[in-house]
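In: coords please:
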Amino acid sequence: MTKRNILQAASKQYDPLGWLSPIVVRAKLLIQELWRKQVNWDEPLDDDFNNKWFQVAADVEQSASVVMARRYSVMSSNKSVYLHVFADASTKAYGAVAYLQSAGQVDFVMAKSRVSPLKTTTLPRLELRAALDSIKIKLWSDSQITLHWIFSKKQLKPFVANRVREICLLFPTSVWGYCHTDDNAADLLTRGISSTQLQSSTLWSHGPPWLPSQSNWPTWSPATVLHVQTNDEEVEPTLPATDAPVTLKPGLGQIIDITRYSKLTKLLRITAYVLRFITNIKQTLPKLSGHLTPTELSHAQVLWIKSVQQHSFCNEIANLQSKASRLPLIRQLRLHLNNEGIVCCGGRIHNAPVSQQVKFPYLLPQKHWLTELIIQDIHQRHFHSGTNSTVTYLRQLYWLPAARRHVRSILRHCVTCNKLSGSHYKAPSPPPLPKHRLQMMNPFTVTGIDFTGALYVRTSRGESKAYICLFTCASSRAVNLEVVTDLSEETFLQAFR
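Out: This next block holds a predicted model:
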């Protein structure tokens, strides 16, 4: 057997509903293991892999005799119908399985499984991927860490926050529930079972026994304190329900889509016009009109920085407004709130004859569209200066963690800088020499022909044009030169003869 044969055999299984997923997932895991071992496509497998594949292939062949009922319970208006989706993950695979419940009857709908990425990731993150693959109505997971992340109001790490945000956009948190691992049918997807176990498993065909009766559903509260014995660095102890979550105030980002603008000046001008319109509505006289003033543009920029900080540093702002012990970032950068409610960084130039913003620069988030617009604006205002100069001008007004790295990544995509300092076009690699260039043969057996440009020669009748016909041997590189008077066919045949 080879990796190519195993992939061909595993891909031939036609199972759109995923009924045989607990069996087929074992073949997927074996293929991933071959990729991890960097086995070539047509390399014969060793005895260990052969034995594993023959066991999987026997179960796949035996699964052809599996019979399933493709019918659902009758749906009427006076019956409550639930679509239950169970999600689970392991270090090798993750997936989800759905059941339809109506009038005390539960039927299998479909299942979906995926192998875990080759890049090593933590088990709670895989559980979060499995939760994202679920669909709707009533969703079950046996991972309390995943459920706490979904219900959490805290600022999470980017990987977790992005998936939690997508999950919350698809489903409300009220549809999520917790079930024990032994009652989670999706657990069969992640570890795989044999064909015999699949045929006799009522958990896979009809779900857990408590599913038909809603009164027997397990209950779970996100307000409980989570105690988990694990070495996973992503897991953090969940605070009790008495800890009030940080509420975000609506800002400019919910009114104006900042990602639609590629220049800071355009964003500030549009924001200033919106603020002027609001001001003119509120007050009777005098109405603001004419060109925008520097004060309006500065006010718009301050509002944008404040709005971005309220969403990116909400925990730090809440900590600064309370009397609790300071967070590490606050102690490291000596953060404080100025009179306008903007988070500023401390320093040691309090007595310098400069403006307050230079003494206490505004704190910017590392990855935000406003930060990129500010860096691009500073770079263009100083005539496309390099990384060091752009960082110097940036830190006169703002403080950005890891500023040099972010500035370098943004300047790398500057079209004007690439036109001036970009590398030249590299010629493609020369192809291999043709066969007749490498064989021993008589000179001029294979001959190349070319003409030079016009040469001016003196004759008795004055100055006239002449050309040189070059006959080049392809193997010996010998050259024969013939002078011709023109480029006509007759003249070439005379030179060739």
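
In: helices and strands of the protein: which one bottoms out on pLDDT?
Out: Ranking every helix and strand in the chain by mean pLDDT, DSSP states H and E puts helix 123-133 at the bottom, with a mean of 64.

In: what lines up beside the helix or strand just after it in the sheet?
Out: With elements assigned by DSSP states H and E, the helix or strand that comes after helix 123-133 is strand 138-141. Partner strands for strand 138-141, per DSSP bridges, with pairing direction: strand 81-89 (parallel), strand 176-178 (parallel).

In: of the ones you listed, which is nearest residue 407?
Out: Between residue 407 and the strands paired with strand 138-141, the tightest spacing by CB to CB is seen for strand 81-89, at 38.4 Å. Every residue, glycine included, has its C-beta placed from N, CA and C.

In: so which bits of the closest one are buried?
Out: Using 16 or more other CB atoms under 10 Å as the test for burial, strand 81-89 gives 82, 83, 84, 85, 86, 87, 88, 89.

In: cool, stretch 5-25 as well?
Out: 6, 7, 9, 10, 18, 19, 20, 21, 22, 23, 24, 25.

In: can you list contacts of it?
Out: Identification of contacts with stretch 5-25 by CB atoms under 8 Å, 6 or more residues apart in numbering yields 27-28, 30-31, 34, 53, 56-57, 59-60, 63, 66, 68, 93, 95, 97, 108-113, 115, 188-190, 192-195, 197-198, 204.

In: at 7 Å what do you get?
Out: 27-28, 30-31, 53, 57, 59-60, 63, 68, 93, 95, 108, 110-113, 188-189, 192-193, 195, 198, 204 (CB atoms under 7 Å, 6 or more residues apart in numbering).

In: number of residues surrounding residue 366?
Out: 12 (other CB atoms under 10 Å).

In: nearest residue to it other than its sequence neighbours?
Out: Excluding the flanking residues, the one nearest residue 366 by CB to CB, 6 or more residues apart in numbering is residue 401, at 5.6 Å.

In: can you say which helix or strand has that neighbour in it?
Out: Here residue 401 is assigned to no helix or strand, by DSSP H and E.

In: if we can go back for a sec, out of the buried residues of stretch 5-25, which are inside strands?
Out: Counting by DSSP state E, the buried residues of stretch 5-25 place none of their members in strands.

In: close enough to count as contact, residue 364 and residue 400?
Out: Yes. Assessed by CB atoms under 7 Å, residue 364 is found in contact with residue 400 at 4.7 Å.

In: coming back round to it: how far away is the residue nearest to residue 366 from residue 356?
Out: 21 Å (CB to CB, to the nearest Å).

In: circling back to that earlier point, need phi/psi at the residue nearest to residue 366.
Out: phi -60, psi 140 (degrees, to the nearest 10).

In: and it, what pLDDT?
Out: Looking at residue 401, its pLDDT is 89.

In: how close does it sit to residue 395?
Out: Distance from residue 401 to residue 395, by CB to CB: 11 Å.

In: repeat for residue 105
Out: 67 Å.

In: neighbours around the nearest residue to residue 471 once chain neighbours are set aside, how many?
Out: Distances taken as CB to CB, 6+ apart put residue 480 closest to residue 471, at 4.3 Å, once the chain neighbours are dropped. A count of nearby residues for residue 480, using other CB under 10 Å, gives 13.

In: part of a strand, is residue 480?
Out: Yes. Counting by DSSP: H, G, I helix; E, B strand; the rest coil, residue 480 falls inside a strand.

In: surely it meets residue 472?
Out: No. The criterion here is CB under 7 Å, and residue 480 misses it with residue 472 at 8.0 Å.

In: sorry, back to before: just the buried residues of strand 81-89: which has the poorest pLDDT?
Out: residue 82 (81).

In: next up, the contacts around that residue.
Out: Counting by CB under 7 Å, 6+ apart, residue 82 has contacts 101, 137, 138.

In: tell me which of the residues you listed is nearest to residue 264?
Out: residue 137 (45.0 Å).

In: now do the contacts for the closest one.
Out: 82, 83, 175.

In: can you read off the pLDDT for the nearest residue to the second one once chain neighbours are set aside?
Out: Okay, so that is residue 83. Leaving out its chain neighbours, the residue that sits closest to residue 83 by CB to CB, 6+ apart is residue 137, at 3.8 Å. We have a pLDDT of 72 for residue 137.

In: now swap in residue 100 and tell me
Out: 85.

In: residue 378 too?
Out: Residue 378 is given a pLDDT of 95.

In: my read: it touches residue 392, true?
Out: No. Judged on CB under 7 Å, residue 378 makes no contact with residue 392 at a distance of 9.6 Å.

In: which of those two has more neighbours?
Out: residue 378 (21 against 14).

In: who touches the host helix or strand of that one?
Out: Secondary structure from DSSP H and E places residue 378 in helix 369-381. Contacts with helix 369-381, where a contact means CB under 7 Å, 6+ apart, come from 258-259, 263-265, 267, 304, 308, 364-365, 385, 390, 393-394, 398, 400, 407, 410-411, 414.

In: take those residues and keep only those in helices.
Out: 264, 265, 267, 304, 308, 390, 393, 394, 407, 410, 411 (DSSP state H).

In: what's the closest of those to residue 332?
Out: Closest to residue 332, out of all of the ones in helices among the contacts of helix 369-381 and judged by CB to CB, is residue 394, at 19.0 Å.

In: the closest one touches residue 403, doesn't it?
Out: Yes. Counting by CB under 7 Å, residue 394 does reach residue 403; the two are 6.1 Å apart.

In: who has more neighbours out of those two?
Out: Between residue 394 and residue 403, residue 394 has the larger neighbour count (other CB under 10 Å), namely 23 against 20.

In: spatially nearest residue to that one, not counting backbone neighbours?
Out: In space, residue 394 is closest to residue 378, 5.5 Å off (CB to CB, 6+ apart).

In: cool, residue 213 as well?
Out: Nearest to residue 213 is residue 104, by CB to CB, 6+ apart, at 7.4 Å.

In: how's this structure carved up into domains?
Out: With domains defined by automatic domain parsing, the chain comprises 3-65, 81-216, 369-421, 435-496.

In: least confident of the ones you listed, on average?
Out: domain 81-216 (a mean of 80).

In: how long is that one end to end?
Out: This stretch, domain 81-216, spans 16 Å end to end (CA to CA, to the nearest Å).

In: quick check: residue 465 vs residue 275, distance?
Out: 76 Å.

In: more neighbours: those two, which one.
Out: Set side by side, residue 465 and residue 275 show more neighbours around residue 275, with 17 against 12, by other CB under 10 Å.

In: where's that one, which helix or strand?
Out: Counting by DSSP H and E, residue 275 is part of helix 264-282.

In: name the helices or strands packed onto that helix?
Out: helix 294-312, helix 369-381 (3 or more CB pairs under 7 Å, 6 or more residues apart in numbering; DSSP states H and E).

In: helices and strands around the first one, which ones?
Out: Under the contact criterion of 3+ CB pairs under 7 Å, 6+ apart, helix 294-312 touches helix 264-282.

In: and the helix it packs on, which residues are buried?
Out: 264, 267, 268, 269, 271, 272, 275, 276.

In: am I right that residue 458 is in a strand?
Out: Yes. Assessed with three-state DSSP, residue 458 lies in a strand.

In: so what's residue 198 up against?
Out: Contacts of residue 198 (CB under 7 Å, 6+ apart): 22, 23, 63, 66, 204.

In: next: residue 140.
Out: 84, 85, 86, 177, 179, 184.

In: ok, now with 8 Å
Out: Counted by CB under 8 Å, 6+ apart, residue 140 has contacts 84, 85, 86, 87, 176, 177, 178, 179, 184.

In: good, wrapping up.
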